[in-house]
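>>> All I have is the shape, not the residue letters:
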């Protein structure tokens, strides 16, 4: 790809990320994207085979970034105790959530949840399911049971829900408006201690 074509492609992607995140797939036109990206109206078809191809590329970019969070969580927990793995999961996820809650990726995912496209299934398959599977494995080791045990699934959902409470979303209206690094660390420690206490208590019950 020649330099000019590459620059045009990158401008189209950057513009599409912003517009799709702001308004969703169905409410953004190719003409709007091309005008904002200073590109010929045929450029989307040339580079991405149409609007859907452009949207798919935007979603793949978001997926790659979200997968990097899961990769970091796995690396941080490698060879450590289940307690430390859970604490690392919460700390890394929380820091990424707070850092990205005003990003185009977060906005795009909120759009997908409120007005889903087939891309949401891909996000679930490539990001959410593997991440939750890892979390269930960590919690299952504390219960000494299968990762599909209902108790494990409920605990995993509880841990994740606490982390998601810091997202910019109506259900998170009570969250702090802004958090510095120290406050994020304290919140991560709290969620980890709270969650570990709950898991240990449940592990003692039949």
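Looks like it arrived, so ask away. Every value quoted in this text rests on a predicted model; they were computed, and no experiment measured them. Residues are numbered from 1 along each chain as shown.
>>> For burial, what's the neighbour tally of residue 163?
Here the number of neighbours of residue 163 (other CB atoms under 10 Å) works out to 20. (C-beta placed from N, C-alpha, C; glycine too.)
>>> for it, helix, strand, or coil?
helix (DSSP: H, G, I helix; E, B strand; the rest coil).
>>> need the helices for the protein, in chain order.
3-23, 30-36, 43-48, 51-77, 82-100, 104-114, 119-123, 129-143, 150-164, 181-203 (DSSP state H).
>>> In the chain, where is pLDDT below threshold?
1-3, 167-178, 206 (pLDDT under 70).
>>> Without its sequence neighbours, what residue ends up closest to the residue most central in space within it?
By CA atoms, centre = their mean, the chain has its centre lying nearest to residue 66, at 4.9 Å. Counting by CB to CB, 6 or more residues apart in numbering, residue 66 lies nearest to residue 127, which is 4.5 Å off, once chain neighbours are set aside.
>>> give me the number of residues near that neighbour?
By other CB under 10 Å, neighbour count at residue 127 equals 19.
>>> and what of the one 3 residues further on?
Burial of residue 130, expressed as a neighbour count using other CB under 10 Å, amounts to 15.
>>> what's near enough to touch the closest residue to it other than its chain neighbours?
In this structure, residue 130 finds its nearest non-sequential neighbour in residue 70, 6.1 Å apart by CB to CB, 6+ apart. For residue 70, the contacting residues are 127, 130, 131, 134, by CB atoms under 8 Å, 6 or more residues apart in numbering.
>>> Quick check: the first one touching residue 68?
No. The pair formed by residue 127 and residue 68 falls short of the contact definition of CB atoms under 8 Å, at 10.2 Å.
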